[in-house]
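Visitor: A structural model of the following input is requested.
(one chain, ligands or ions: 1)
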Amino acid sequence: MTTTPTQAPVAGADTAPASAPAGPPAAGRLPLADRAEVRAWTGAFVRAEAGRLTLTFGLFAAALVAGLVGPRLLGHLVESIKNGTTTGRVDLLALTFVAVLVAHALFARAARTQATLLGERVLARTREDFVRRVLGLPLSEVEAVGTGDLLSRATTDADRLNESIRQAVPRIALAAVTLVFTFAAILLASPLLALGLLAGVPFAVLSTWWYRPRATRAYERLLAQEADVLAVTHETTRGAATVEALGLGPRQVRRHGAAVDQVVRTRQRTTWLQTIWFPSLDLATMVPMALTLLIGGLAYQRGQVGLAELTAVVLYVQALGEPLNDLLTWTDELQIGNAALRRILGVERLPREEPRPPAPLDGHALRLEGVGFGYGPDREVLSGIDLDIAPGERLVVVGASGAGKSTLGKLLAGVHHATRGTVRIGGADVTTLPVGQLRREIVLVTQEQHVFAGTVRDNLTLATEGHHADAAEGTTADARLWQALETVLLADWARSLPDGLDTEIGPGAAPVSPSHAQQLALARLLLSDPHALVLDEATALLDSTASRRVERSLAALIEGRTVVSIVHRLDSVRDADRIAVMDAGRIVELGSHDELLAADGAYAALWHSWDAARTSEGCGGPQGRASSNV
Ligand SMILES: Nc1ncnc2c1ncn2[C@@H]1O[C@H](COP(=O)(O)OP(=O)(O)OP(=O)(O)O)[C@@H](O)[C@H]1O
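Guide: This is a model prediction of the structure:
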């Protein structure tokens, strides 16, 4: 069996063919909850919903009792007719029978409504808790686990849990109670005939004992593999522009195909398991039915049971088949719900961002002291970084691709935490600052800007909700929004929208171009007013006209703030106070443009080659990336 390096091996199934250059992402990077955690959740759910659960089960039980009275009445009817009775009595029995049927239907309908309400309540609460929990995770943790697994837990797994609670739980409870009641009714009617039922027990017990653990493992694997499919789909659609630009389409199709193949193989496995289990369940109902008929016939001939008892028992035994099948097949569904619940609750195991009190700051200087960082334990991508950045300073970071520039930016902005050394803002360790305070100090601006589904106003104010005392005063607040839009050159665009600030934008509403999305993000930043910005190639993905527009907006934003810019193009490095040159995770040169040129080191080489390229290309300036030259 061959596996590609990123592929999760699947027990009991072959993995993707060796020719596939990339497998689906490894499954199960997020943890799973254990049995004790699932039990604790179930206990809390039962306590919280005790009233509704009792009502639901009570209604199901009432429907059930009404359903059981029917065969008894029919039995009496058959015997009365055989023994000779009045039409009045037959009419009375028939009318009672109809009344019982109506009562059964009404109770069953009310019970299903309650079960649905219960399922929806649980679904809503589970999703809310999940989203709250995920939003409380450290950003680095969310980045590390990827969005596919999180998405599938919040959507398909939550749906499966809902389905389990709405359908499987009441059906299992109903089926179990039906079996007990029906068995009791058979015992009451004729203990002798009840004996035949025991013949079904070995078929049901042995096959379920064999099936259950195998199915549990297969379902857990299936959900993780379905998350992989979602991860590849999400990654491909989210990075559609990059996929197209780099011609990654065929590779993504192969990755998707490999992920789907794994799902198909696991589905084949679960289906195969069912092909053994389901026929055994059929035997568990058919063998006792045949035996009861046989014993019943003999006993009736010998006068050991009456016709009424025999009719009722035959009807009861026939009625046993459905709840028995329900019980076992819905426990199968419940297993899927259980696997989904383990995945949903697994997020609770991730480290929590503990609420921290705001720290007193001594100014707004940034300082890195002996900083080292690795994404994993094996390799440090940053090491021995000491750097002081004064308030209001403009620092540009250049270096080859992979030198560690973006990582440095993330550490400065507190997105990742240094694995060695300390990053300080105003003297305080960034890891001790609460997120709200940190974001008023420093914000990372990248080339990817998300437009949130909502109005333009929502998109502008979501970072500042509660920050400003005047937020409640509509006009003053709007004036600030318009001022921010003017500053980032977006006011004309906002005025051209059908409902101005109240126009719905983002996914599913009016589309927003990448440059407008970036300008909107800059306006949002302007409103949240951080002291320092880390700009990580904020305009790199835009075409040159859009990029110029965003850069003009940026110029307004950076006024009066500390700015660390990570760049590949050297167009504006001369304006920087200092330039840091990175190589292999270290700062190898640091100084002003003139100082570094005089030093004639890595920066000077980079500058000269860039300058030569610019001259040879004429007035447009080189579009080559610094990375290719350092
Ligand atoms: N999320 C991640 N997980 C693991 N390794 C990573 C991750 N992000 C970056 N790296 C690795 O860390 C090193 C530094 O990457 P980084 O993105 O900081 O460099 P960079 O100088 O910004 O590169 P570029 O100019 O291409 O953006 C590289 O070897 C990169 O492969």
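
Visitor: name the element the closest residue to the ligand within the stretch 151-300 of the chain belongs to?
Guide: When scored by Cβ to the nearest ligand atom, the stretch 151-300 of the chain has Thr242 as its residue closest to the ligand, at 13.0 Å. All C-beta atoms are positioned from the backbone trio N, CA, C, and that covers glycine. Using DSSP states H and E, Thr242 sits within helix 240-245.

Visitor: check the offset of the helix or strand that comes right after that helix from the chain's centre.
Guide: Following helix 240-245 in sequence order, the next helix or strand is helix 249-301 (DSSP H and E). What separates the centre of helix 249-301 from the centre of its chain is 30 Å, taken as Cα atoms, centre = their mean, to the nearest Å.

Visitor: repeat that for stretch 76-90.
Guide: 63 Å.

Visitor: give me the buried positions along it.
Guide: 76-79 (16 or more other Cβ atoms under 10 Å).

Visitor: stretch 435-445 too?
Guide: Buried residues in stretch 435-445 (16+ other Cβ under 10 Å): 437-445.

Visitor: which residues are contacting that stretch?
Guide: 353, 358-359, 361, 364, 366, 409-410, 412-415, 425-426, 430, 433, 463, 467, 521-522, 525, 528-536, 538, 562 (Cβ atoms under 8 Å, 6 or more residues apart in numbering).

Visitor: swap in 7 Å and give it another go.
Guide: 358-359, 364, 409-410, 412-415, 425, 430, 521, 525, 528, 530-536, 538 (Cβ atoms under 7 Å, 6 or more residues apart in numbering).

Visitor: now check it, is it near the ligand?
Guide: No. Counting by Cβ under 6 Å from any ligand atom, the ligand has no neighbours in stretch 435-445; the shortest distance is 12.3 Å.

Visitor: what distance do you get for Arg35 to the ligand?
Guide: 33 Å (Cβ to the nearest ligand atom, to the nearest Å).

Visitor: nearest residue to Thr242 in space, please, no chain neighbours.
Guide: Once flanking residues are discounted, Thr242 sits nearest to Leu248: 7.2 Å by Cβ to Cβ, 6 or more residues apart in numbering.

Visitor: hang on, the earlier thing: from the chain's centroid, how far away is the helix holding Thr242?
Guide: On Cα atoms, centre = their mean, the centre of helix 240-245 falls 24 Å from that of its chain.

Visitor: just the buried residues of that helix, please?
Guide: Within helix 240-245, judged by 16+ other Cβ under 10 Å, the buried ones are Val243.

Visitor: got the CA positions of it in CSV?
Guide: C-alpha atoms of helix 240-245 as CSV (Å, rounded to 0.1, in the frame of the first residue of the first chain):
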residue,chain,number,x,y,z
ALA,A,240,-9.6,30.5,-6.7
ALA,A,241,-7.5,33.5,-8.0
THR,A,242,-4.2,31.9,-6.9
VAL,A,243,-5.3,28.4,-8.2
GLU,A,244,-6.0,29.9,-11.6
ALA,A,245,-3.0,32.2,-11.7
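
Visitor: count of neighbours near Gly376?
Guide: For Gly376, the neighbour count with other Cβ atoms under 10 Å is 8.

Visitor: among the contacts of stretch 435-445, name the ones in strands.
Guide: If you go by DSSP state E, the contacts of stretch 435-445 have 425, 532-536 in strands.

Visitor: tell me the phi and psi of Met594?
Guide: Small correction: residue 594 is Asp, not Met. With angles defined as degrees, to the nearest 10, Asp594 sits at phi -70, psi -40.

Visitor: how far away is it from the ligand?
Guide: 24 Å.

Visitor: which residue ranges of the stretch 501-630 of the chain form strands?
Guide: 504-505, 532-536, 562-566, 578-583, 586-591 (DSSP state E, counting those that start in this stretch).

Visitor: JSON lines for the ones you listed, including distance to the ligand, mean neighbour count and mean pLDDT?
Guide: Compiled in JSON lines, the strands of the stretch 501-630 of the chain are given as follows (distance: least, Cβ to the nearest ligand atom, whole Å; neighbours: other Cβ atoms under 10 Å; pLDDT from 0 to 100):
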{"stretch": "strand 504-505", "distance to the ligand": "29", "mean neighbour count": "18", "mean pLDDT": "87"}
{"stretch": "strand 532-536", "distance to the ligand": "7", "mean neighbour count": "23", "mean pLDDT": "90"}
{"stretch": "strand 562-566", "distance to the ligand": "6", "mean neighbour count": "24", "mean pLDDT": "92"}
{"stretch": "strand 578-583", "distance to the ligand": "6", "mean neighbour count": "22", "mean pLDDT": "94"}
{"stretch": "strand 586-591", "distance to the ligand": "12", "mean neighbour count": "17", "mean pLDDT": "94"}
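
Visitor: out of those, the one nearest Ser207 is which?
Guide: strand 504-505 (54.9 Å; Cβ to Cβ).

Visitor: now do the closest one: distance to the chain's middle.
Guide: 24 Å.

Visitor: try stretch 582-594
Guide: 41 Å.

Visitor: surely Trp41 and Ile344 touch.
Guide: No. Checked against Cβ atoms under 7 Å, the pair Trp41 and Ile344 is beyond contact range at 8.9 Å.

Visitor: who has more neighbours, the two?
Guide: Using other Cβ under 10 Å as the criterion, Trp41 and Ile344 rank with Ile344 on top: 24 against 17.

Visitor: tell me the buried residues within the contacts of stretch 435-445.
Guide: 359, 364, 409-410, 412-415, 425, 430, 521, 525, 528, 530-536, 538.

Visitor: thought Ala403 was touching Val381, still the case?
Guide: No. The pair Val381 / Ala403 is not scored as a contact, 9.0 Å apart, by Cβ under 7 Å.

Visitor: which residues are common contacts for those two?
Guide: By Cβ under 7 Å, 6+ apart, the residues touching both Val381 and Ala403 are Gly585.
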